[in-house]
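Asker: with the input below, show me the fold.
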Amino acid sequence: MLDGRSCLVSRALPSSCEQESKWVYMNYHLIEEVSNGKRHLEEGTEEEIRERKSTRLSNSHVNEELNMAEGFSTPPVDDSNKEACGGDQSDLNSLIHPLGRDITINCLLHLSRSDYGALASLNRSFNSLVRSGELYKLRRQVGICEHWVYFSCNVLEWEAFDPNSRRWMHLPSMPANDCFMFSDKQSQAVGTELLVFGKEVTSHVILRYSILTNSWSSGMVMNTPRCLFGSASLGEIVIFAGGIDARGTVLNSVELYNSETGTWETLPSMNKPRKNCSAVFLDKKLYIMGGLGSNVESYTCGEEYNLETKTWRVIPDMYPVPTVATEPPPLHTVVNNELYAADHAEKELRKYNKENNTWVTLGRLPERVFSMNGWGLAFKGCGERLIIVGGPRGSGGGTVELHSWIPGDGPPEWELLAIARRPSGSFVYNCAVMGC
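Answerer: Numbers count the residues shown, from 1 in each chain. A predicted model of the protein is given here:
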C-alpha cells in the first residue's frame, strides 16, 4: 500500500531476478518523477546523456498529450537507453534499475492509469509493460480499480472522462460503417476493452477499442450474433443475454466473453426469451430485468443467474415498471453492491430492497438533464458514484453534462461533475463505464 509521501514496498510479485530479499524503504516521489518524465536515472557518458535529453525534448509534444490520456501511440525510443541501463536485457528485468522490476511494478500499480501513456514513452521496457496489459491484470488481483466514463454523442466519435482527476480524452474515430451510421448500436466495457455492437441488414458487427493500443479493431463474432440484448461486466468477463437474431427472433440464449482470453462461451439459456432488457451484476450474480417477449408482451419479472451453479431463477415482479416497445431498456445500475433505477418518466431515483423484493423512491433525478422518452440519457455506476450523462434542457445542442451523486443517507444531492463541450450534439447515443 502506498500511503502518503513515503512507503514500505514488499516484493510480493514473483521474478526471475531475485536481487534482494529485504524490504526497501523508498520515497513515492521517485515513481512520480519517472512517470512524469522528470527523472530517468541517467547513466552513461555526458555525450549520451545530452543526446537522450535532446531526443526527449523533440518528443515533448507527444508526452504532453500522453499525460492526459490512458491510450497511447508508440513514440520513438532512444536505443541508447538500452545501453545505459546495462546491456541487452537488464532494463527489461529492472525497469528502474536500482529498484528492480518487482519493486518498480509494485509502485506503478498505484499510479493513475492516465499516467501509463507517459510511462510507455520512457523506453521500450515501460512501453512493453504497459501494452502487454500486465499492470491491469495485477491491479485487478490486488483490488486496485479506476472507473472512467465513455460516451458517444456522434455515431463515430467517443469521449472518455475520469471523474477523479476530471481529465478528458478523445478516442480515435471508429472505422466508418453503414451499420453504425444508420442503425442503433449498443456498447459494453470489459477489462481494458470497449465493445460497440451494430446490426447490418442480415448480420452483426462488433468493433473493439483497446486502451492498451488506443485503437479500434474488428473481427469478433458471437456464438449467436444478436442485438437488443442485456449485458453486464464483472472484471474480465461480460455476459450477453437475450436480444434478437438477424431474423428478428427473440432469444433466451446467453453467452460469456472473456476479454483476457478473447474467447466466447455459451451459457445455459434463460427461462424466458426477452429483448430490450437490462442486466447488472449484484452479489456476484447476474440479474436480468424487464424487457419484452414480443412487441406487446412486457415483462416485470427478473431472472437471476448463479455463476457457480450455472442455474437460472425467476424473480416475480422484480421491476414492476413495464417495458415499452418504443422506449429504451430500463435504466438500472449498481453502486457498492446496491441496485438503483432511474425512472425517466417520473424523473425519480429508486433503490432496490434485496430482502423483500421492493423498490424505494430516494428522490429526484437532476432537473436539467433532458431525454426523449428515455432515449439520449445514460445512467451508470462509476466506482462509488451514480452518474447521469445527458444534454441539458433547452441547451440547443453542443454540450453534455455529467451529474454525480455518492449514495448515502438522505435524498440525492446531484453535483454537476463536468460539462463536455467537444461533442457535436447533446444526445447520448451510447455510454459505458470501464473499471481497471
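Asker: quote the end-to-end distance of stretch 195-212.
Answerer: Stretch 195-212 has an end-to-end distance of 14 Å (C-alpha to C-alpha, to the nearest Å).
Asker: same thing with stretch 427-436?
Answerer: Terminal-residue distance, stretch 427-436 (C-alpha to C-alpha): 27 Å.
Asker: quick one: mean pLDDT over it.
Answerer: When pLDDT is averaged along stretch 427-436, the result is 94.
Asker: ok now that stretch, how far from the chain's centre?
Answerer: Here the centre of stretch 427-436 is set off from its chain's centre by 8 Å, with C-alpha atoms, centre = their mean, to the nearest Å.
Asker: go on, stretch 360-373?
Answerer: Averaging C-alpha positions (C-alpha atoms, centre = their mean) puts stretch 360-373 24 Å from its chain's average.
Asker: so what touches it?
Answerer: Defining contact as C-beta atoms under 8 Å, 6 or more residues apart in numbering, one finds that stretch 360-373 is touched by 326-327, 342-345, 347-351, 353, 376-377, 388, 390-395, 401, 403, 411-412, 414, 426-427. All C-beta atoms are positioned from the backbone trio N, CA, C, and that covers glycine.
Asker: report the separation between Pro392 and Pro412.
Answerer: 18 Å (C-beta to C-beta, to the nearest Å).
Asker: more crowded one of the two?
Answerer: Using other C-beta atoms under 10 Å as the criterion, Pro392 and Pro412 rank with Pro412 on top: 22 against 18.
Asker: quickly find the element holding the more buried one.
Answerer: Following DSSP states H and E, one finds Pro412 outside all helices and strands.
Asker: from now on call the first residue 23
Answerer: Sure, I'll start counting at 23 from here, so that last one is Pro434.
Asker: from what I see, it and Trp427 are in contact.
Answerer: Yes - Pro434 lies in contact with Trp427 (C-beta atoms under 8 Å); the separation is 4.6 Å.
Asker: just the buried ones from the contacts of stretch 382-395?
Answerer: 349, 364-366, 370-373, 398-399, 410, 412-414, 423, 425, 434, 436, 448-449 (16 or more other C-beta atoms under 10 Å).
Asker: now, which of the residues you listed lie within strands?
Answerer: 364-365, 370-373, 410, 412, 423, 425 (DSSP state E).
Asker: which of those sit farthest apart?
Answerer: Lys373 and Glu423 (22.9 Å; C-beta to C-beta).
Asker: can you give me the strands in the stretch 323-458 of the chain?
Answerer: 324-328, 333-337, 353-357, 360-365, 370-375, 380-386, 400-404, 407-412, 422-427, 437-442, 452-457 (DSSP state E, counting those that start in this stretch).
Asker: domains in this structure, by residue range?
Answerer: Structural domains annotated on the chain: 28-164, 169-457, as defined by automatic domain parsing.
Asker: my read is that Tyr341 contacts Pro352, right?
Answerer: Yes - with contact defined as C-beta under 8 Å, Tyr341 counts as touching Pro352 (5.9 Å).
Asker: what touches both of those two?
Answerer: By C-beta under 8 Å, 6+ apart, the residues touching both Tyr341 and Pro352 are 300, 311-312, 363.
Asker: could the residues you listed be laid out in a markdown table, adding distance to Cys249 and neighbour count?
Answerer: Shown next, in a markdown table, are these (distance: C-beta to C-beta, whole Å; neighbours: other C-beta atoms under 10 Å):
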| residue | distance to Cys249 | neighbour count |
| --- | --- | --- |
| Ser300 | 15 | 24 |
| Met311 | 18 | 27 |
| Gly312 | 17 | 27 |
| Ala363 | 23 | 22 |
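Asker: what about the residues you listed, which are in strands?
Answerer: Those of the shared contacts of Tyr341 and Pro352 lying in strands (DSSP E): 300, 311, 363.
Asker: distance of the second one from Phe148?
Answerer: So the one you mean is Met311. From Met311 across to Phe148, the span is 44 Å (C-beta to C-beta).
Asker: ok, the last one next?
Answerer: Look at Ala363 and Phe148: by C-beta to C-beta, they are 43 Å apart.
Asker: endpoints of stretch 121-137, how far apart?
Answerer: End-to-end distance for stretch 121-137: 20 Å, by C-alpha to C-alpha.
Asker: just the buried residues of it, please?
Answerer: Applying a neighbour-count criterion of 16+ other C-beta under 10 Å, one finds 121-133, 135-137 buried in stretch 121-137.
Asker: please apply the same query to stretch 295-313.
Answerer: 295-304, 308-313.
Asker: how about stretch 182-190?
Answerer: Of the residues in stretch 182-190, 182-185, 189 count as buried by neighbour count, 16+ other C-beta under 10 Å.
Asker: how about stretch 233-249?
Answerer: In stretch 233-249, the ones that count as buried by 16+ other C-beta under 10 Å are 233-234, 236, 238, 242, 244, 246, 248-249.
Asker: count of neighbours near Cys453?
Answerer: 23.
Asker: how far away is it from Tyr158?
Answerer: In terms of C-beta to C-beta, Cys453 sits 21 Å off from Tyr158.
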